[in-house]
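Engineer: model the structure of this input:
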Amino acid sequence: MRGRAVGMGVLLVALATAPLADAQSADGKRAEGPITLTGCVEPGAGPNEYTIDDAAIGKYKVSGNRINKFVGQRVEVVGNLDTGRLRIRGGLYPSPNVAGQAGAMDPVKAAIAAQPGGTSSGTGGVQLPELKVKSVKTLSGGCR
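Structural biologist: The predicted model follows:
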């Protein structure tokens with residue numbers, strides 16, 4: 001009987017402290033550690049926009065630390081995610097093309113077209129995560 005009471009006490013303590021742990025991790029004030037990307041610096045979609053496509057992590061928009069000087073070079077960059085800005089996304093869903101075809105389109109093709117990056121991915125582009133670069137190191141090896 002005593003073992004059952006101890007077990008119940010441990011369970012109650014665990015349940016009582018779980019919301020505290022969630023609140024601490026979800027408060028948004030914890031900064032993630034630095035991220036290291038390795039890849040080639042490429043021009044982005046607009047002026048003064050640059051990207052790096054790391055084979056292991058994915059594609060990131062990069063800014064800061066005179067990254068424009070490294071376009072076309074293979075580099076290793078270290079930085080933090082840039083999450084400090086308000087972002088407003090717009091666009092039509094489904095895309096105007098899919099909406100205009102109404103019921104004339106095959107439902108499977110309509111579902112594929114409506115997915116982000118589908119055959120008609122809407123009027124907006126996919127937003128890449130942004131990395132604020134702190135340091136850049138050039139690497140040997142070329143880019144495409």
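Engineer: strands of the chain, start to end?
Structural biologist: Secondary structure of the chain by DSSP state E: the strands cover 35-43, 50-54, 58-63, 74-81, 130-138.
Engineer: kindly reformat the ones you listed as CSV containing mean neighbour count.
Structural biologist: Quick note: C-beta positions are derived from backbone N, CA and C, even for glycine. Shown next, in CSV, are these (neighbours: other CB atoms under 10 Å):
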stretch, mean neighbour count
strand 35-43, 19
strand 50-54, 19
strand 58-63, 18
strand 74-81, 18
strand 130-138, 17
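Engineer: turn these into CSV, columns for mean pLDDT and distance to Asp106.
Structural biologist: Listed next are those as CSV, based on pLDDT from 0 to 100; distance: least, CB to CB, whole Å:
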stretch, mean pLDDT, distance to Asp106
strand 35-43, 94, 36
strand 50-54, 93, 33
strand 58-63, 92, 31
strand 74-81, 94, 40
strand 130-138, 93, 37
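Engineer: helices along the chain, start to end?
Structural biologist: Taking DSSP state H as the test, the helices found in the chain are 2-25, 96-101, 107-114.
Engineer: which sections of this structure are below the confidence cut-off?
Structural biologist: 1-32, 85-95, 97-99, 102-103, 105, 110, 113-126 (pLDDT under 70).
Engineer: how's the protein carved up into domains?
Structural biologist: Following automatic domain parsing, one finds the domains of the chain at 1-30, 33-87+127-144, 88-123.
Engineer: who does Lys59 bridge with?
Structural biologist: Beta bridges link Lys59 to Asp53, judged by DSSP bridges.
Engineer: list the contacts of it.
Structural biologist: By CB atoms under 8 Å, 6 or more residues apart in numbering, the contact set of Lys59 is Thr51, Ile52, Asp53, Leu128.
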